[in-house]
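Participant: need coordinates for the below:
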Amino acid sequence: MNEFNDSTTSAARAASVGLGDHGLNKNYSSQEGVDISEQVPEASRVQKIAMLIAVIGPFLGCIVAIAICWQYGFMGWQYLAMVIAGWALTTLGITVGFHRLLAHKSFETYRWVKATLMMLGALSVEGAPLVWCAVHRRHHGHSDQEGDPHSPNLAGHGFKGMIKGLWHGQIGWLFSGYWSKPNFEKYIPDLTKDRLLRWIDKNYYLFVILSLVGPAALGYAIEAYLGVRNPWYGAGLGFLWGGLVRIFLTHHVTWSINSVCHVFGKRHFRSGDHSTNNAVCAMLSMGEGWHNNHHAFPSSARHGLFWYQFDMSWIVIRTMQMVGLAWDVKLPSKRALEARRIH
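Facilitator: Residues are numbered from 1 along each chain as shown. This is a model prediction of the structure:
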């Protein structure tokens with residue numbers, strides 16, 4: 001297991017700009033190639049419309065799904081299973097794939113495993129992998145400072161400022177230009193060389209379609225096999241529950257890391273920002289809610305650094321390592337942990 005500490009060389013630091021691999025001062029200075037202050041890019045009209053659909057569509061789908069349940073009763077275990085299984089798989093695509101593997105390179109794996117994780121992440125409808133990673137690395141480069149795409153701590157003081165900041169961190173930032181102008185050259189020059197990632201980015205819309213059509217087709221097939229209800233009724237339920245409801249839950253759990261986990265929770269390590277550890281968010285996001293730990297040690301494959309901090313994504317990575325599907329797994333040393341610990 002690759003343990004890192006606070007004695008990283010300057011050459012290694014230069015190589016990790018935007019990655020946070022050194023686990024020290026994650027608010028990178030201009031000397032390391034990242035400007036502290038960047039103007040918020042203007043979003044394109046196409047992006048604003050797309051984001052509006054991405055935010056409103058799943059929400060309206062939830063309302064319709066709840067109304068159907070209220071009127072006709074429980075939809076069936078098969079559709080509940082679609083929500084849970086779909087949420088679990090696509091969330092792991094984000095947490096293990098997009099986040100810990102791509103953005104922070106906290107472990108290595110075989111190309112077919114990487115491809116599987118990238119496709120699962122794309123099915124979450126949270127953005128194509130290159131865009132997602134560029135935005136995330138920008139966040140680490142400017143966390144809770146000007147230039148952070150989704151900090152909830154830059155909207156002013158008091159209760160009004162907090163509410164405005166939480167809204168921005170959860171949803172509002174999606175309508176800025178950080179998605180339409182992610183600046184690949186600065187933040188992910190290493191990832192743009194990967195043909196697989198470029199292909200998924202180019203064909204991302206296909207995964208969005210599959211994320212909705214797939215559950216609908218499965219619902220149709222289930223009802224056709226059972227022969228109890230009209231198969232098209234099953235297609236509608238699959239579209240609603242396995243598609244829109246699952247996307248809504250996945251979106252807002254992930255976005256809560258951007259908002260809630262920079263306002264509410266505990267801080268166990270010095271990280272140079274306002275990131276917090278929030279147990280509720282951690283349970284719902286498969287370990288991503290141990291956000292202060294992550295910002296203190298960005299390239300750690302494990303976010304739940306204490307025995308009582310359950311981290312499902314780490315369990316998956318550790319299991320992959322035990323069966324030979326993951327290697328070069330990075331973890332902070334005891335010395336590094338103690339050096340940054342808040343007593």
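
Participant: ok, the residue nearest to K181 when sequence neighbours are not counted - contacts?
Facilitator: Setting aside the residues directly before and after it, K181 is nearest to P41 in space (CB to CB, 6 or more residues apart in numbering), at 4.1 Å. In this view, the C-beta of every residue, glycine as well, is placed from N, C-alpha and C. By CB atoms under 8 Å, 6 or more residues apart in numbering, the contact set of P41 is 176-178, 180-181.

Participant: most surrounded residue in those?
Facilitator: Within these, most neighbours by other CB atoms under 10 Å means Y178, with 24 neighbours.

Participant: so that residue touches P149, yeah?
Facilitator: Yes - contact criterion CB atoms under 8 Å: Y178 and P149 qualify, at 4.2 Å.

Participant: identify the contacts common to those two.
Facilitator: Jointly contacting Y178 and P149 under the rule CB under 8 Å, 6+ apart are 135, 138.

Participant: sorry, back to before: in CSV, list the contacts of P41 along with secondary structure.
Facilitator: As requested, the contacts of P41 are exported to CSV (DSSP: H, G, I helix; E, B strand; the rest coil):
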residue, secondary structure
S176, coil
G177, coil
Y178, coil
S180, coil
K181, coil
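
Participant: let me know the closest of the residues you listed to V316.
Facilitator: Comparing the contacts of P41 against V316 with CB to CB places Y178 closest, at 28.4 Å.

Participant: so what's the backbone phi/psi at that closest one?
Facilitator: The phi and psi torsions at Y178 (degrees, to the nearest 10) take the values phi -70, psi -30.

Participant: ditto for N278
Facilitator: phi -130, psi 110.

Participant: ok but the residue nearest to K181 is inside a strand, no?
Facilitator: No - per three-state DSSP, P41 lies outside any strand segment and is coil.

Participant: gap between it and E126?
Facilitator: 19 Å (CB to CB, to the nearest Å).

Participant: and if you look at M286?
Facilitator: From M286 to E126 the distance is 14 Å (CB to CB).

Participant: between those two, which is the more surrounded one?
Facilitator: Applying other CB under 10 Å to M286 and E126 shows that M286 carries more neighbours, namely 24 against 21.

Participant: now the more buried one: which helix or strand?
Facilitator: Assessed by DSSP states H and E, M286 sits outside every helix and strand.

Participant: nearest residue to it other than its sequence neighbours?
Facilitator: Spatial nearest neighbour of M286, chain neighbours left out: M312 (3.9 Å); criterion: CB to CB, 6+ apart.

Participant: any buried residues in stretch 63-71, and which?
Facilitator: A65 (16 or more other CB atoms under 10 Å).

Participant: stretch 185-202 too?
Facilitator: So for stretch 185-202, counting by 16+ other CB under 10 Å, buried means 186-188, 191, 194, 197, 200-201.

Participant: what's the most distant pair in these?
Facilitator: Taking CB to CB, no two of the buried residues of stretch 185-202 sit farther apart than K186 and I200, at 20.8 Å.

Participant: need the contacts of P41 in JSON lines (columns: pLDDT).
Facilitator: Below are those laid out as JSON lines (pLDDT from 0 to 100):
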{"residue": "S176", "pLDDT": "88"}
{"residue": "G177", "pLDDT": "85"}
{"residue": "Y178", "pLDDT": "85"}
{"residue": "S180", "pLDDT": "79"}
{"residue": "K181", "pLDDT": "82"}
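
Participant: tell me which of the residues you listed is nearest to F107?
Facilitator: F107 lies nearest to Y178 out of the contacts of P41, by CB to CB, at 26.7 Å.

Participant: contact partners for that closest one?
Facilitator: 40-41, 135, 138, 149.

Participant: which of those count as buried?
Facilitator: Buried among the contacts of Y178 by 16+ other CB under 10 Å: 135, 138, 149.

Participant: can you give me the strands in the protein?
Facilitator: Here the chain has its strands, by DSSP state E, at 2-4, 108-109, 326-327, 330-332.

Participant: quick check: neighbours of the second one in the sheet, parallel or antiparallel?
Facilitator: Strand 108-109 pairs in its sheet with strand 326-327 (antiparallel), by DSSP bridges.

Participant: now do the partner strand: distance to the chain's middle.
Facilitator: Here strand 326-327 is found 21 Å from its chain centre; the criterion is CA atoms, centre = their mean, to the nearest Å.

Participant: what's it in contact with?
Facilitator: Residues outside strand 326-327 that contact it (CB under 8 Å, 6+ apart): 107-109, 113, 317, 320-321.

Participant: among those residues, which lie within helices?
Facilitator: Among the contacts of strand 326-327, DSSP state H puts 113, 317, 320-321 in helices.

Participant: fine, thanks again, bye for now.
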